[in-house]
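J.: Need the 3D shape of this:
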Amino acid sequence: MNTKIDKLISLGESETVEYKLAFGKDVIETLCGFANHRGGIVLIGVSNDGKIVGVSLGAESTQNWVNEIKQNTSPSILPDIEIVRLKNKAVVALHVSEFPVKPVAYRDRYFKRVANSNHRLSLTEIANLHLQSLQLSWDSYPDQEATIDSLSASKIELFLKRVKEGGRYQVTGRRQTVLEKFGYLKNARPTHAAILLFGKEPPPHSLHIGRFKTPSTVIDDRMIRGTLYEVVEDALKFVLSHVKVAFEITTEKERAEIYEYPLPALRELILNAVVHRDYTSPVDTQIKIFDKAITFFNPGRLFGDLTIDKLKRDDYQSRARNKLIAEAFYLTRDIEKYGSGFIRIRKEISSYPTMTMSCMESGDGFLVTLAYEQQKVASTPASPEGVSEGVSEGVSEGVSSLLQYIRNSPGKRIPQYSKELGVPGKTIERWIALLKRENRIEYRGSSRTGGYFLK
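T.: Next up, the predicted model:
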């Protein structure tokens, strides 16, 4: 044991080790923090800088400490205790394991170990920690104000159709039976997840999205409400209507479209903000588009044991705050694999030479920023000679999203594009004019029944 303690002291304080000069309430707070995390050890008789100073012990000292810990914690924790002698001085090691049913409180206050310090938990964090320890999530609980009639049959059918097409689950049986198997119905009452995914009425949670010229100057903004699949698609349409696009000439008759940001990364970040937000918070999910940056904020700090440092690694382990919601998006193949979203985002932006991604916990939420210094205008770092002359740098206003829509749904007219893309008709007219000047599209048919097609 002496050798083990020596090694712990040489490594310094950490997520699982703390030094204390003497026993007191801060020792019990630390033990609670360890019990609410992964367990840990408190060494009494060691200074903050790792110097062994020792501690004076009476005949009943350690037993009194154990009694005090037991009486002042709820549920009661009983640490393993051992006395070791280092450099002829007594050091007491108090060790606790991770408690199975969390959280543990010290005099009605709750702590969790974060890095090498104790973090006092908020009410939301206390609730989340309790759900985690029971391997439950908020979205799996029935909505007490909802009935099965609160769900949209058409939205459920569309979901089940997409699940079947995704091939990750064999959909068989009655609709209600399938929803019960998925956990979206419990005792014939919809869970919170079911209301968020298939509700007839838009849930109270919103996604606020805007295009900013400066932090205080808003060019365009929208409050998006609806079921979660609708929110993801509407948010992506808005983002695409405002990101810039460069056109690179690849052959005499063809051009490559180079978006301001990689589209798979944008979709992944929108999904992350919607799927993993804290739906017990009244704060809106927020997306802000600036000239050379875009930010994604969702209420709810990183969940479980995930940290910013862990998130930067490709082997990070993710735990879903909203298990049923995450499973729904997985079954419809909107999410490819649990805990791999940020790996894919890093891979996507790696081909954008000046683009960076930063993450931070801000207040009670999580903020991701994509930013760049120079817009990517070529598919390779060094374009062939003459290619740059064919690059239209910074073609803005989401022209590319309209072009893609015309490609997929040819023959439609401006009012239809405006409705489908959620963009004002005047803006669509401007984009149409630009694409016609670029000789990318043409109008075919009569003025009343015709529409736009790719050339």
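
J.: Check the secondary structure at the residue nearest to L160 when sequence neighbours are not counted for me.
T.: In space, and not counting its chain neighbours, L160 is closest to V171: 5.3 Å by C-beta to C-beta, 6 or more residues apart in numbering. (Each C-beta comes from the backbone N, C-alpha and C, glycine too.) At V171 the chain is in coil, as set by DSSP: H, G, I helix; E, B strand; the rest coil.

J.: Over to F303?
T.: F303 - assigned by three-state DSSP - is coil.

J.: The closest residue to it other than its chain neighbours: neighbouring residues, count only.
T.: Leaving aside its chain neighbours, F303 sits nearest to R321 (4.3 Å; criterion: C-beta to C-beta, 6+ apart). Neighbourhood size, R321 [other C-beta atoms under 10 Å]: 25.

J.: Name all residues that make contact with R321.
T.: Remark: with contacts taken as C-beta atoms under 8 Å, 6 or more residues apart in numbering, R321 is in contact with 128, 137-138, 276-278, 300, 303.

J.: among these, which are in helices?
T.: Using DSSP state H, the subset of those located in helices is N128.

J.: Lowest-confidence member of the contacts of R321, which is it?
T.: Among those, N128 has the lowest pLDDT, at 77.

J.: Contact partners for the residue sitting nearest the centre point of the chain?
T.: With distances taken as C-alpha atoms, centre = their mean, N272 lies nearest the centre of the chain, 3.9 Å away. Applying C-beta under 8 Å, 6+ apart to N272 gives the contacts 296, 298, 341-342, 368.

J.: So it versus F297, what's the distance?
T.: Distance, N272 to F297, by C-beta to C-beta, to the nearest Å: 11 Å.

J.: Give me the common contacts of these two.
T.: Residues touching both N272 and F297 (C-beta under 8 Å, 6+ apart): V368.

J.: And the pLDDT for the closest residue in space to H192 that isn't next to it in sequence?
T.: Spatially, and ignoring its direct neighbours in sequence, H192 is nearest to D139 (4.6 Å; C-beta to C-beta, 6+ apart). On pLDDT, D139 comes in at 90.

J.: Isn't D139 up against K186?
T.: No: counting by C-beta atoms under 8 Å, D139 sits too far from K186 to count as a contact (11.7 Å).

J.: Those two: which has the busier surroundings?
T.: A count of neighbours by other C-beta under 10 Å puts D139 above the other of D139 and K186, at 27 against 15.

J.: distance of that one from V163?
T.: Counting by C-beta to C-beta, the separation of D139 from V163 is 17 Å.

J.: just L435 next, same as before
T.: L435 sits 37 Å away from V163, going by C-beta to C-beta.

J.: How about R346?
T.: Distance from R346 to V163, by C-beta to C-beta: 29 Å.

J.: Who has more neighbours out of these two?
T.: Using other C-beta under 10 Å as the criterion, R346 and V163 rank with V163 on top: 20 against 13.

J.: which SS class is the more buried one?
T.: Here V163 is helix, with the state taken from three-state DSSP.

J.: Got the confidence number for the closest residue to it other than its chain neighbours?
T.: In this structure, V163 finds its nearest non-sequential neighbour in L331, 4.7 Å apart by C-beta to C-beta, 6+ apart. Listed pLDDT for L331 reads 90.

J.: L331 against G166, yeah?
T.: Yes: between L331 and G166 there is a contact under C-beta under 8 Å: 5.9 Å.

J.: of the two, who's got more company?
T.: A direct count of neighbours by other C-beta under 10 Å for L331 and G166 places L331 higher, at 20 against 14.

J.: which ones are touching that one?
T.: So L331 contacts 162-163, 166, 168-169 (C-beta under 8 Å, 6+ apart).

J.: What about S362, how many residues nearby?
T.: For S362, the count of nearby residues is 11 (other C-beta under 10 Å).

J.: least trustworthy helix or strand in this structure by mean pLDDT?
T.: Least confident helix or strand, the chain: strand 392-395 with a mean of 40, by mean pLDDT, DSSP states H and E.

J.: Got the phi and psi for the closest residue to R413 other than its chain neighbours?
T.: Excluding its sequence neighbours, the residue lying closest to R413 (C-beta to C-beta, 6+ apart) is G451, at 5.2 Å. The phi and psi values for G451, taken as degrees, to the nearest 10, are phi -170, psi -180.

J.: Tell me what G451 is bridged to.
T.: When bridges are called by DSSP bridges, G451 pairs up with R444.

J.: so I83 sits right up against W65, yeah?
T.: No: using C-beta under 8 Å, I83 is not in contact with W65, being 11.2 Å away.

J.: who's more crowded, these two?
T.: It is W65, of I83 and W65, that has more neighbours when counted by other C-beta under 10 Å, with 20 against 15.

J.: Does that one touch F23 like I think?
T.: Yes: look at W65 against F23 with C-beta under 8 Å: they come within range, at 5.2 Å.

J.: quick one: common contacting residues for those two?
T.: Shared contacts of W65 and F23, defined by C-beta under 8 Å, 6+ apart, are found at V92.

J.: sorry, back to before: confirm the residue nearest to the centre of the chain sits in a helix?
T.: Yes: when three-state DSSP is applied, N272 is found to be in a helix.

J.: Just the pLDDT at it, thanks.
T.: We note a pLDDT of 93 for N272 in this prediction.
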